[in-house]
Structure formats: C-alpha cells, structure tokens
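Engineer: sequence? don't have it. structure:
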C-alpha cells in the first residue's frame, strides 16, 4: 500500500501502468482520477493544504481499513497539495482485488472519504478572489452511505 | 466515445493518460481494468471470441445509453479478444463526468454489462483442458441491479 | 448461398466456423445443416442459441439472400 | 515553548502559520493566543475547530512540553 502527498503534478497513466504490472492473481483494478475543473473560468486554481504527518497518517489508516473491509490486494493513493490548475490531477486512487465488486466499492469508499472527511483545507482562486471551501451536502451524503452499510 | 476490440495486448496506463489529457471541465475519471488471473495455475489462458461488427456494435449501443443515463462527457472501452494469458488486461473501461458519482456508476454499469451480457464467448484453458464458460450467478445479479434501478 | 457463422461451443461441436450454404430462408438452412450433421442441428435449436441475420438478432423465420450472413450464437458469456 | 501551527482560514485570519509559544498546557496557550489576537482567539474556539497535539486530536485540556506541536484545524474540506 502506498499513500503519497505531493506538491508536484503527476501523470495518472504512469501510476496505473505500475499498479497493474505483474499481477497474476488480481482480477480487478478500479481507479479514480479527480481533475481540477476550470468551470468556464469560474475556478482559476485550487489550493489544497495538508498537515504533513497528520493528513497522510489519517488517509493511511482509512486505506488500511478498506483493505480489510473489501478484501483488497493493494491500494495506491496519491493526493496533490498546493496550487493545482484546471486539467491537473488532484487525486488518484487505485484498488486491486480478486473481483470487480470489491475493487469498485473500495475505490468509491476511499474517494468519498478523501473528498469529504480527509484532513485537507481547500481554497478556490476564482475571478472574485480566493475563498475557502467546506464539504458539500452531497459529499457528506456520499460519505454517510458507508456508515449505514457498515 | 471509442469502443475497440483488439487481439493484441494493451497497456492500460497509456490509455488512461490519453483519456485524462486536456480535460478542463472533467472533474471525475473512473476506470476499470480487468486482468486475467492465474488462479494458482488453474487457469493457463483465457480465450475470448467476439463477432466483429456485432459485438462492438452491441457494446457501442450500451455505451451510448450510459452516456445519456449518467450524463457522461466521454467513454473509452477496449476489450481483448483471442488468447489472453494471466496478468494481461482483458478489458479497459474509462468514464469521464463532471462529478465522481456519475463516473463511478457508469463505469460499474458498463463493466456489469461487459462481464455478463456482452456478446463474447469465453473458453478457459486449464490443466484439465479447455472449457466454455457461462456467466456466473453473481454476474447476472450484478447486471440486474441496473434493471431494478432503471 | 448464405454465409453461415458458428460461434463458441457450436463451432467446436461442428468442427467448422464458417461455411457457404444454399438456402432461401432460415428454416431451410436449419434443415440443411441438420441433415448434414444431426448433432449440430440439435445444438443449433438448443436453449439460449440465438440467430443473427446480417448482424441483427432474428426470432423465428427470415428470408435469406445470396449475400446474407447468418450467425448462430450460443449463450453469451460476457467478456 | 510549544510549536503552534495554524491551518486553512485560521492561518489567513492570523497572518501566520507557525510560531513558537511558551505554554504549559492548552488552556494557557489559548489564553496567550487570545491576549495577543482576540479575533484569532475567538476563531480558535469556534465551532468545528479541532486541536491536535503531536498529530493526535485532543479534546479538552492537555499538558504541553517544550517539544509539543499544537495544530489548530478548522473544519476539514476534504481534497
């Protein structure tokens, strides 16, 4: 399992190739890539702040829980921090499992956590200046699905 | 939208990089990669037969339906045919949407279709010789989830 | 002369995948195939076997032209 | 001397992200921060603001040593 925070742009495809390589007993790899949207100019850049040592530890703990919960063979999470411009990858999650249902559900679960509960602070730089973002109602609802099912 | 059947091995990461490139209004890319499992030697190779012109047309029709149903911005499907050895990619599905729920659900939906209903004929070459495979009960149940929700 | 295609286990059973056969309609084609190979004829009429004419699934009878492509499709396994 | 870290909007409000402050426990630290900047003091006590001591969330009081790292965390937005 790898969990990385990085302030440098990364190429999701390279991570996918490495994650899929040499897997003779993995039937299913699900991945998710979150990209920064331009929103027709409404969002010029996104700035993400993490607390190194705290944020990555929190994500690692959740990822370890997902490995047990969904019987995963492997997880790879990369999260950008710092200033991210439209079109760049913000987050990459890959899950490997014997079968597809587990791989999909774990990837979905991890993304819900990362988007709504992970310790990041998000600032949007738009035409009207910077603005701190709180989780949306939908982020909270999405994340709560897993509490009810647990 | 691209739907391709190929009898050549392909590298999923290369497809992911191409699919993600230059997307300024896509917030979410979900991908799934199905790999051939060795099953501790029980499966030596998988052989997939398609009906060119029929199989790809059927998949394209389902993918077009998914674009409408899940408000997708783009879909890319690549499916191997012929003899596939353990560790090789059998299927690649990528979906692009503004938000992650749609991207995930569409990818899940397309995989359920591809694994259980798409016009392929599958032969497993194991230690006891070749054997034609029928869809599993779980494949049928997974695919039926979408009928109930429709 | 219709172009007849067999897929999956039907091709294995028959020992061929593609053949040109003279037939004016599907029932004539089935009769001709059964006569040449009764085991195959039974398999083609078996449960779950579908027929496509010119890549479109057909239920029941269909007229065939010289250029018709008739495919016998056993239950699909998915990929 | 505890190492005090502010995150997100708290850092913007305070105009600093990291500072060394003398305090034997959290309540003393809060009082000291409030005295220097009452608006910040209020923000640090605001709804949803959590405190981590040495990267572990702490509720209520905590003793601080010279090597302690105290982080004030506004509501987390997710990534």
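Structural biologist: Arrived safely. Quick caveat: nothing in here was measured; it's all calculated off a predicted structure.
Engineer: all helices for the chain, in order.
Structural biologist: Chain wasn't specified; assuming chain A. Secondary structure of chain A (DSSP state H): helices at A:12-20, A:55-69, A:100-116, A:137-149.
Engineer: The chain in question should be chain C.
Structural biologist: Using DSSP H, helices in chain C cover C:8-14, C:26-36, C:38-44.
Engineer: Can you spell out which helices and strands pack onto the longest one?
Structural biologist: Read it as helix C:26-36. Helix C:26-36 is packed against strand C:2-6, strand C:18-21, helix C:38-44, with contacts defined by 3 or more C-beta pairs under 8 Å, 6 or more residues apart in numbering or on different chains; DSSP states H and E. All C-beta spots, glycine's among them, are computed from the backbone N, C-alpha and C.
Engineer: Point out the most buried one among the helices of chain A.
Structural biologist: Looking across the helices of chain A with neighbours counted as mean count of other C-beta atoms under 10 Å in any protein chain shown, the highest average goes to helix A:100-116: a mean of 24.
Engineer: in chain A, what residue is nearest chain D?
Structural biologist: residue A:121 (3.2 Å; C-beta to the nearest C-beta).
Engineer: so who does that residue touch?
Structural biologist: A:48-49, A:132, D:7-9, D:74, D:76-77 (C-beta atoms under 8 Å, 6 or more residues apart in numbering or on different chains).
Engineer: Which entries within those meet the buried criterion?
Structural biologist: Buried members of the contacts of residue A:121, scored by 16 or more other C-beta atoms under 10 Å in any protein chain shown, are A:48-49, A:132, D:7-9, D:74, D:76-77.
Engineer: Could you give the bridge partners of the residue nearest the centre of chain A?
Structural biologist: Nearest to the geometric centre of chain A sits residue A:91, at 4.3 Å (C-alpha atoms, centre = their mean). Per DSSP bridges, the residues bridged to residue A:91 are residue A:34, residue A:79.
Engineer: do the one 4 residues further on as well
Structural biologist: With DSSP bridges applied, the residues forming beta bridges to residue A:95 are residue A:30, residue A:75.
Engineer: dump the residue contacts of residue C:73.
Structural biologist: Residue C:73 touches B:51, B:119, C:7-8, C:49-52, counting by C-beta under 8 Å, 6+ apart.
Engineer: at 10 Å instead, please
Structural biologist: B:51, B:54, B:119, B:121, C:5-8, C:10, C:48-52, C:57 (C-beta atoms under 10 Å, 6 or more residues apart in numbering or on different chains).
Engineer: Residue A:18 too?
Structural biologist: Applying C-beta under 10 Å, 6+ apart, we find residue A:18 in contact with A:2, A:76, A:94, B:13.
Engineer: Make a PyMOL selection of whichever of the residues you listed turn out to be buried.
Structural biologist: To isolate the buried members of these in PyMOL, using 16+ other C-beta under 10 Å:
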select buried, (chain A and resi 76+94) or (chain B and resi 13)
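Engineer: Which residue, other than its chain neighbours, is closest to residue 57?
Structural biologist: Going with chain A. residue D:55 (6.7 Å; C-beta to C-beta, 6 or more residues apart in numbering or on different chains).
Engineer: sorry, should have said chain C
Structural biologist: The shortest distance from residue C:57 to any non-neighbouring residue, by C-beta to C-beta, 6+ apart, is to residue C:50 (5.5 Å).
Engineer: and what of residue A:100?
Structural biologist: residue A:28 (4.0 Å).
Engineer: My guess is that neighbour contacts residue B:107. True?
Structural biologist: No. Judged on C-beta atoms under 10 Å, residue A:28 makes no contact with residue B:107 at a distance of 11.6 Å.
Engineer: Just give me the residues shared between the contact sets of these two.
Structural biologist: Contacts common to residue A:28 and residue B:107, judged by C-beta under 10 Å, 6+ apart, are A:100, A:104, A:107, B:32.
Engineer: Please list all residues in contact with residue 35.
Structural biologist: In the absence of a named chain, this looks at chain A. A:12, A:84, A:86-91, B:20, B:23-29, B:96.
Engineer: that's the wrong chain, I wanted chain C
Structural biologist: residue C:41.
Engineer: The one 4 residues further on now?
Structural biologist: With contact taken as C-beta under 10 Å, 6+ apart, residue C:39 is in contact with C:13-14.
Engineer: And the one 10 residues further on, by the same measure?
Structural biologist: Residue C:49 makes contact with C:7-10, C:43, C:72-75 under the criterion C-beta under 10 Å, 6+ apart.
Engineer: measure it to residue C:79 for me?
Structural biologist: Separation of residue C:49 from residue C:79 (C-beta to C-beta, to the nearest Å): 19 Å.
Engineer: Let me see the contact set for the residue located most distally from the centre of chain A.
Structural biologist: The C-alpha centroid of chain A is most remote from residue A:128, which lies 27.4 Å away (C-alpha atoms, centre = their mean). Going by C-beta under 10 Å, 6+ apart, residue A:128 touches residue A:42.
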